[in-house]
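Asker: Next comes the sequence, and after it the predicted model I'd like to discuss.
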Amino acid sequence: MVAMEELLPQAVLRQIGDKLYEKRKVAALEVEQIVKRLAAAGDTAKISAIIDKLISEYAFSPQANHRKGALLCLAAATVGLGEPSEAYLRQIVPPVLASFTDQDSRVRYYACEALYNIAKVSRDTFIVFFSEVFDAMFRLCADSEQSVQNAVQFLDNLVKDIVTASPHFSIEGFIPRLRDYLRVTNPYKRQFLISWVSVLDSVPDLDMLAYLPQLLDGLMNLLSDPNREIRVAAHKCMMEFLVEIQATPTVDWVALASILVEKASSQDEFTRITAIKWIKEFVEQASGQLVGLYPELIGAVLPNISHLNKDIQQVSKEANAALLNLQPVADLPVKVDVAPVLAIISRELRSEQEPTRLEALRWIHFLLVRNEDEVFGQLATLLAALLDALASDSERVVLQALSVLGSIAGHQQHFRRVLMSLLDRFRGDAGLILLQKGGPLVIRRLCAAMGPEVVFREFASILDAEQDLSFASTMVQALNLILLTAGEVRELRDSLREAASSSNGTTNFTALYSCWSHSAGALLSLCLLAQVYSHCCDIIQNLSTLPLGAEVLVQIDRLVQLLETPAFAFLRLQLLQPSRHPDLLRAMYGLLMLLPQSSAFKTLAARLNAVPAVTLMQLESMQQQAGSHKSSKQQPQPQQQQHWADFDSLLRSFVARQQDHAVEEERRRLVIEGLRIEEDIQKEHMQQAIAAAVENSGRSSADGAVSIGGAIPAADGSPAPAASDGIASGALV
């Protein structure tokens with residue numbers, strides 16, 4: 001074996017570890033010449049021996065100058081080889097890469113310089129070390145020393161040139177590493193990674209779009225970096241990808257869109273707006289291929305329509321419009337899976353934000369037109385959300401919700417279900433608040449959309465079979481108020497006023513009568529509106545035989561107030577015609593006699609006092625002329641009234657219904673009193689228990705006094721009273 005002194009003279013060996021850079025450089029040049037001669041001679045053994053010597057004695061030496069010299073010499077040896085084989089590189093590169101983590105910054109700098117020279121000579125052969133070199137550069141690009149960062153940048157540029165020109169570079173093996181590294185937060189490392197993504201994307205032979213689903217999440221995370229330069233660089237890189245997608249739309253749309261859906265709810269506004277812009281572009285380009293992801297896309301876009309940022313609002317509206325403009329695929333219509341879409345829309349319909357709710361309602365309209373049967377299959381879920389929307393403070397939301405309900409109710413098979421769901425929403429304490437707050441508006445809008453006759457008849461049919469009599473009474477009173485005051489119900493009011501001469505009015509009257517019997521006040525107002533005053537008198541007369549509770553008196557009180565509304569202007573004028581409407585006066589005075597002397601009593605009395613006194617005289621004269629005729633026959637047209645309705649039967653149904661209400665009221669009263677009695681009994685038992693405990697405590701105290709003091713006999717030999725008895729007596733005195 002040849003002695004090392006023959007290969008590397010002692011002077012060279014000393015200069016390798018010299019503290020002066022110039023001497024180390026001279027040694028490196030000498031090593032380069034020696035290796036070059038040996039390579040020309042083909043003496044691979046001696047070359048390997050020199051490399052081993054440099055590695056074993058210098059590259060891992062505890063002295064920094066030795067390590068620096070070794071790096072210079074290893075690079076020089078590579079240069080001397082000319083075109084180093086992979087075997088030589090596997091000897092030289094690992095110790096150089098190990099120096100990238102050296103504690104001495106100058107050693108790290110020389111390591112970058114050495115690897116640069118090695119890579120420059122090796123070129124394509126160097127690609128086998130790409131993964132290890134990339135990891136080393138990734139760690140060192142954020143070095144604390146600026147000189148090291150600069151050295152890494154030079155090395156990085158060279159490695160990029162080698163990679164982009166090499167046919168042996170494996171992009172498949174590199175992408176997972178790049179994806180994992182994109183999670184880092186260090187700004188220098190992020191800048192380093194962005195540059196690599198951009199460079200690889202610029203290579204014509206590399207289809208980076210195929211790997212974009214693995215990189216998009218990490219790239220979008222960079223958009224929220226505090227450093228503006230990084231945000232701009234990441235956005236520029238993403239826009240380059242987007243341009244490629246628009247030019248060659250052969251990407252995994254679903255995988256990319258799934259990432260965008262997640263990022264559309266990012267706390268960072270720049271990330272959010274970028275994600276929504278991409279969603280818009282994707283939907284415009286491939287909506288048919290994304291139809292399976294529509295629930296998630298809609299759920300991502302709709303909330304952002306109400307974002308505080310105006311730019312986000314605008315791009316979200318554009319994305320939503322693109323989603324609504326669903327294009328066919330291969331001239332075939334695209335079918336949307338309605339159930340999950342409606343679930344998302346129903347969720348957004350309960351949002352607190354008006355714009356989001358309005359767009360959700362717009363989506364329901366869209367689905368009703370496009371997938372009507374599937375929507376009706378999910379009607380239970382949809383109706384719950386629509387009815388919640390009716391409680392909104394926004395007039396626009398309520399109107400839109402009513403429009404949708406009108407579209408659904410326009411189908412005869414679903415009309416009754418819509419009204420029943422609406423009635424269910426008015427139940428309970430919360431429902432009562434909703435009924436008082438927005439119920440009239442909802443019902444009026446339904447009447448405007450569907451027609452008042454249809455709506456009121458269906459409500460009457462449902463409530464007539466209602467088991468909860470209290471709820472039925474409340475709803476009838478609410479409907480009656482709408483009937484008498486709402487402009488949307490004028491057509492129904494007019495038909496009821498002509499009930500005696502119009503078949504349509506007769507039908508409406510009889511359709512409402514049974515249901516309106518749940519409320520005496522509502523029924524009386526219905527009969528007064530229909531001008532069946534004789535029947536009103538009969539109802540009032542029968543009220544005197546029924547339990548006249550506070551609820552009925554309140555209803556009559558409300559009726560008196562309603563008599564002052566424009567709906568009953570005709571009735572007030574008819575009071576001036578007692579000869580034609582004698583039963584009207586009887587009915588008014590009957591109401592007056594039922595009322596206690598309240599404000600309603602005074603109002604009605606004042607109205608009747610305004611009628612000329614001659615009226616009463618005429619009425620008395622008419623009654624005398626009638627003789628033994630029944631009061632019900634005093635009207636000029638009794639036969640006509642009896643002909644168009646069976647008032648006897650109607651009256652019986654009213655009495656029966658009011659008796660049911662009386663029984664229900666008594667049951668509730670007994671329940672309430674029973675609860676009160678039970679509470680009183682529990683309180684009494686508790687008081688008795690406390691008293692017994694106090695008494696027992698007093699006896700114990702008395703017994704204790706006797707046992708301690710003993711009983712002193714009286715003069716007659718009987719025991720004297722205990723001391724406690726004396727105290728008690730004194731206390732009583």
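Answerer: It's in.
Asker: Buried residues, the helix or strand harbouring residue 604. List them.
Answerer: Residue 604 belongs to helix 599-609 when assigned by DSSP states H and E. Buried residues in helix 599-609, counted by 16 or more other CB atoms under 10 Å: 600-601, 603-605, 607-608. Heads up, the C-betas are built off the backbone N, CA and C, glycines and all.
Asker: what do you get for stretch 307-323?
Answerer: 307, 312-313, 315-320, 322-323.
Asker: try stretch 399-418
Answerer: Buried, per 16+ other CB under 10 Å, within stretch 399-418: 400-402, 404-409, 414-415, 417-418.
Asker: Next: stretch 259-279.
Answerer: Neighbour count says stretch 259-279 has 259-261, 263-264, 266, 268, 270-279 buried, by 16+ other CB under 10 Å.
Asker: In contact with the nearest residue to residue 144 once chain neighbours are set aside: list those residues for me.
Answerer: Of all residues not flanking residue 144 in the chain, residue 105 sits nearest, at 7.5 Å (CB to CB, 6 or more residues apart in numbering). By CB atoms under 8 Å, 6 or more residues apart in numbering, the residues touching residue 105 are 143-145, 147-148.
Asker: Let's verify residue 391: helix, strand, or coil?
Answerer: coil (DSSP: H, G, I helix; E, B strand; the rest coil).
Asker: pLDDT score for it?
Answerer: pLDDT, residue 391: 77.
Asker: ok, now how distant is the closest residue to it other than its chain neighbours from residue 478?
Answerer: Spatial nearest neighbour of residue 391, excluding adjacent residues (CB to CB, 6+ apart): residue 434 at 5.3 Å. Here the criterion is CB to CB, to the nearest Å. By it, residue 434 lies 11 Å from residue 478.
Asker: same check, this time on residue 321
Answerer: In terms of CB to CB, residue 321 sits 40 Å off from residue 478.
Asker: Now for the residue lying closest to residue 263 once chain neighbours are set aside: which residues touch it?
Answerer: Distance criterion CB to CB, 6+ apart; nearest residue to residue 263, sequence neighbours excluded, is residue 275 at 3.8 Å. Applying CB under 8 Å, 6+ apart to residue 275 gives the contacts 220, 260-261, 263-264, 266, 300.
Asker: ok, so of these, who is nearest residue 564?
Answerer: residue 300 (55.5 Å; CB to CB).
Asker: For that closest one, what is the enclosing helix or strand?
Answerer: Residue-wise, residue 300 maps onto helix 294-301 under DSSP H and E.
Asker: same thing with residue 35?
Answerer: Counting by DSSP H and E, residue 35 is found in helix 21-41.
Asker: pLDDT of whichever helix or strand comes after that helix, averaged?
Answerer: With elements assigned by DSSP H and E, the helix or strand that comes after helix 21-41 is helix 44-54. For helix 44-54, the mean pLDDT works out to 92.
Asker: Low-confidence stretches in the stretch 551-700 of the chain?
Answerer: 613-643, 673-685, 689, 691-700 (pLDDT under 70).
Asker: Which of the buried residues of stretch 259-279 fall in strands?
Answerer: With strands taken from DSSP state E, there is no overlap with the buried residues of stretch 259-279.
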